[in-house]
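> Okay, structure incoming, though there's no sequence with it:
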């Protein structure tokens, strides 16, 4: 057999992308103990939830049998139903608030738009989650208030609650970024 020259084969390293190690991508798990601040937020959430749900039940009990439940882009109703159907989204949103309070004890699960590296940043991320839980309760109240409290349905209570939630996220994101 004659001498055959083979083309060099690409080394495996050239065609495999370099992926950072998994531990670099994960946040460090930090044990969060019960604090006075955490207890204050939890008690405030409970009291606020009781007040919000008392107001929701009061509004629903005084509502007519059929209410407008959906509106088109111009604000005209295009869906009708029982006022008690509002309980489902209100329960779901309240559940989100409870979930936020639970996540505050597991800061590695908190997703912030800035990288959290220091203990102070972690404390702020925890606080932002607890504040967001309280604002979510306002969103829970704003849904039935939008449909039942005003003479004509208005989206402004919902817009206000969502705007406040975004403001909280922006405020704490900036604070966490400055604490690097």
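All right, it came through fine. What you see is a predicted model; the values in this text were computed from it and never measured. Residues are numbered from 1 along each chain as shown.
> my guess is residue 107 meets residue 125, correct?
Yes: here residue 107 reaches residue 125: they are 5.7 Å apart, a contact under CB atoms under 8 Å. All C-beta atoms are positioned from the backbone trio N, CA, C, and that covers glycine.
> so what's in contact with these two at the same time?
residue 116 (CB atoms under 8 Å, 6 or more residues apart in numbering).
> Next, residue 159: secondary structure please.
Secondary structure assignment for residue 159 (DSSP: H, G, I helix; E, B strand; the rest coil): helix.
> Please apply the same query to residue 111.
Applying three-state DSSP: residue 111 is coil.
> next one: residue 33
Under three-state DSSP, residue 33 comes out as coil.
> which phi and psi does it have?
Residue 33 adopts backbone torsions of phi -90, psi 160, taken as degrees, to the nearest 10.
> burial measure for it, as a count.
Counted with other CB atoms under 10 Å, residues neighbouring residue 33 total 6.
> Quick check: it vs residue 76, distance?
For residue 33, the distance to residue 76 equals 53 Å [CB to CB, to the nearest Å].
> Same question for residue 93.
From residue 93 to residue 76 the distance is 25 Å (CB to CB).
> Which parts of the chain are strands?
67-71, 77-81 (DSSP state E).
> pLDDT (mean, whole number) over the last one?
Here strand 77-81 scores 84 as its mean pLDDT.
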